[in-house]
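**Student:** Here is the input, now give the coordinates:
(one chain, ligands or ions: 2)
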Amino acid sequence: MATAKAVGVCLLGSTGSIGLSTLDVIARHPQRFRVIALTANSSVDKLAAQCVQFQPRYAVMADADAADQLALVLKQSAPDVQVLSGTDGLQTVAGHEAVDFVMAAIVGAAGLLPSLEAARTGKRVLLANKEALVMSGGLFMQAVRDSRAILLPVDSEHNAILQCLPDNYVAGAAPAGVRNIMLTASGGPFRNLPVSQLSAVTPEQACAHPTWDMGRKISVDSATMMNKGLEVIEAGWLFGLPMENITVVLHRQSLVHSLVEYKDGSVLAQMGNPDMRIPISHALGWPERIESGARRLDLMAVESMQFEAPDKAHYPCLELATSAWCSGGTAPAILNAANEVAVQAFLDERIAFTAIAQVVEQALEQCAVHIADRLDTILADDALARAVANECIDSGKVRVAQ
Ligand code: NAD
Ligand code: MG
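**Tutor:** Numbers count the residues shown, from 1 in each chain. Ligands and ions are numbered 1, 2, ... in the order given. Sure, this is the predicted structure:
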């Protein structure tokens, strides 16, 4: 009897938190998936070890010097792996004919071009890189429609919503019968801290998330709730809904990952332990269900579940994101770019935690918004917003780290 051909997978950002969880799931299904390409920014040792274990056809380093080092290491340990570099290398593997599924898990705007390439070439796109959709949602969804790519969200909230929608869901089209979607948010590590103490928090505290284990940028975004703001925009594009039909709910336990309210009053929720291998295996296996390795949810051990409205004064970034979404055009790209610069400056201990929102607000005030129908316009506004954000930080106009 003929056995089914293994699915070819390209992992963009394989050395990150989502990348590692994806490889963990893939390793549980060696007959089902074949790793074609692994990529990273500059972590040579980590990518080399992954190449030895998974023997991909390609390994890509965004950084050219790191690619040279990797090629040297792999000459001995995995000589069949071809090493590529730069954005060109990332795009080559994302659109490669041997690749069926692309896990888009590069953090930030750096993931835009390869993620878009996967959408343009009709792959199954497993989207973790929400920043790509925030920046270029219109172009991205058009590319998905034109190439008949299958776009499956890996972000736990959006994956939860997908699981609660009817089977005939079409990416970007408002699902029939839905009144509202509710995105849950943990509130991050500072949810119990008085607003007056937020300016003194450190990067280490910000990265110590109470329920999820994630990369540093998204951890800070969770602490400011910019992450939820980006997710509102992501949900708008994925599910074709306006702002007024998307609600953010604070849910400290991170067990309900999001909910869909239907017109008849039914509310469907997806639950599970907070483990990204669950949405990742859903997107890898869809429409089948496959083993993820996640711990089973023990409902009897759950003491309580709370749902609250987020406090606006605590999370100014959430409001900045929703207002950028309402402005439309390149405003979300400007917001995203300024946030990336501000988060890095906070992680480098150059500005205070509370200055992140100030930098983003300045960029939104100073940068003109354009129609986001061309990639070069989006990239130009991204670059301008980064310049404005850097200027704002360098000039000391915002609160500096203590
Ligand atoms: P991470 O920082 O742990 O990993 C990022 C990956 O991207 C690494 O492999 C890194 O080498 C690569 N990378 C970084 N900069 C790059 C560049 N300039 N060019 C090419 N590659 C680069 O991040 P993460 O937590 O895995 O998050 C990845 C994406 O998934 C983000 O967009 C994040 O918002 C999203 N996401 C993450 C989680 C989570 O639980 N970690 C949950 C939902 C969504
Ligand atoms: Mg999320």
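**Student:** can you map out the strands along the protein?
**Tutor:** Using DSSP state E, the strands of the chain run over 7-12, 33-40, 58-61, 82-85, 101-104, 124-127, 150-153, 178-185, 246-250, 256-262, 267-271.
**Student:** which parts of the last one are buried?
**Tutor:** When you say that, I think you mean strand 267-271. 269-270 (16 or more other Cβ atoms under 10 Å). Bear in mind the C-beta positions are built from the backbone N, C-alpha and C, glycine included.
**Student:** Now do that strand against strand 256-262, angle only.
**Tutor:** If you take axes from the mean of the first three to the mean of the last three Cα atoms, to 10 degrees, strand 267-271 sits at 160 degrees to strand 256-262.
**Student:** elements contacting strand 267-271?
**Tutor:** Helices and strands touching strand 267-271, by 3 or more Cβ pairs under 8 Å, 6 or more residues apart in numbering; DSSP states H and E, are helix 156-164, strand 256-262.
**Student:** Show me what it is in contact with.
**Tutor:** Applying Cβ atoms under 8 Å, 6 or more residues apart in numbering, the contact partners of strand 267-271 are 159-161, 163-164, 182, 255-262, 297.
**Student:** Pull out the buried members of the residues you listed.
**Tutor:** Among these, those classed as buried by 16+ other Cβ under 10 Å are 159-161, 163-164, 182, 255-262.
**Student:** now, which of the contacts of strand 267-271 sits nearest W212?
**Tutor:** Nearest to W212 among these is H257, at 10.8 Å by Cβ to Cβ.
**Student:** Mean pLDDT and distance to F54 added to the helices and strands packed on strand 267-271, as TSV?
**Tutor:** Formatted as TSV, the helices and strands packed on strand 267-271 follow (pLDDT from 0 to 100; distance: least, Cβ to Cβ, whole Å):
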stretch	mean pLDDT	distance to F54
helix 156-164	98	24
strand 256-262	98	28
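**Student:** Same list (the ones you listed) but as JSON lines, adding distance to F140.
**Tutor:** Formatted as JSON lines, these follow (distance: least, Cβ to Cβ, whole Å):
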{"stretch": "helix 156-164", "distance to F140": "14"}
{"stretch": "strand 256-262", "distance to F140": "21"}
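**Student:** Average pLDDT for stretch 36-46, rounded please.
**Tutor:** Stretch 36-46 carries an average pLDDT of 97.
**Student:** Stretch 167-186 now?
**Tutor:** 94.
**Student:** re the thing from before, how about the buried ones among the contacts of strand 267-271, which pair is most distant?
**Tutor:** Most distant of the buried ones among the contacts of strand 267-271, by Cβ to Cβ, are L255 and Y262, 21.4 Å apart.
**Student:** about what we covered before: just put the strands of the chain in JSON lines and tack on distance to A143.
**Tutor:** Listed next are those as JSON lines, based on distance: least, Cβ to Cβ, whole Å:
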{"stretch": "strand 7-12", "distance to A143": "16"}
{"stretch": "strand 33-40", "distance to A143": "20"}
{"stretch": "strand 58-61", "distance to A143": "21"}
{"stretch": "strand 82-85", "distance to A143": "22"}
{"stretch": "strand 101-104", "distance to A143": "12"}
{"stretch": "strand 124-127", "distance to A143": "9"}
{"stretch": "strand 150-153", "distance to A143": "9"}
{"stretch": "strand 178-185", "distance to A143": "23"}
{"stretch": "strand 246-250", "distance to A143": "23"}
{"stretch": "strand 256-262", "distance to A143": "25"}
{"stretch": "strand 267-271", "distance to A143": "27"}
